[in-house]
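Trainee: can't give you the sequence, but here's the structure:
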């Protein structure tokens, strides 16, 4: 019997969930699907500058899991850019952080899109 998948902790949803060429019709055949947890690894490693180990600790998964997620996310980004396909971010095995946890790094832990500060709403 297979082990159940572990939820990946995500601190922030993307501001927009679709990216891609402006000069093409929206056809599902030309859409690349990226999961929210794949997006989170790109955000943490490439934007926030975390190591794979630090990213794994923050997402509450093994480093090898983060490595696999990260490789797949970068492949999808490359396919979108090189082949002119739309990149859509949705779904995946994740739970949003409650915003109260420590260790989420650089004040980026919150549940709202775009990292809005809840105290300013």
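Mentor: Sure, I can see it. Since the model is a prediction, treat every value here as computed from it, not as a measurement. Numbering: from 1, shown residues only.
Trainee: Which element, helix or strand, includes the residue nearest the centre of the chain?
Mentor: Most central in the chain under Cα atoms, centre = their mean is residue 39, positioned 1.8 Å from the mean C-alpha point. Here residue 39 sits within helix 36-42, counting by DSSP states H and E.
Trainee: Equivalent analysis for residue 9, please.
Mentor: strand 8-10.
Trainee: Report the strands that pair with that strand, each with its relative direction.
Mentor: Strand 8-10 pairs in its sheet with strand 94-96 (parallel), by DSSP bridges.
Trainee: for the protein, which helix is longest?
Mentor: If you go by DSSP state H, the chain has its longest helix at helix 63-83.
Trainee: can you give me how far stretch 45-53 is from the chain middle?
Mentor: 12 Å (Cα atoms, centre = their mean, to the nearest Å).
Trainee: Of all the residues in it, which ones are buried?
Mentor: Neighbour-count burial for stretch 45-53 flags 45, 50, 52 (criterion: 16 or more other Cβ atoms under 10 Å). The way it works is simple: take the backbone N, C-alpha and C, and place the C-beta from them, glycine included.
Trainee: what's the answer for stretch 23-39, then?
Mentor: Neighbour-count burial for stretch 23-39, with 16+ other Cβ under 10 Å as criterion, is recorded at 32, 34-39.
Trainee: Let me have these in a markdown table, extended by pLDDT and distance to residue 12.
Mentor: As requested, the buried residues of stretch 23-39 are exported to a markdown table (pLDDT from 0 to 100; distance: Cβ to Cβ, whole Å):
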| residue | pLDDT | distance to residue 12 |
| --- | --- | --- |
| 32 | 94 | 21 |
| 34 | 97 | 15 |
| 35 | 96 | 14 |
| 36 | 96 | 10 |
| 37 | 96 | 12 |
| 38 | 97 | 14 |
| 39 | 97 | 9 |
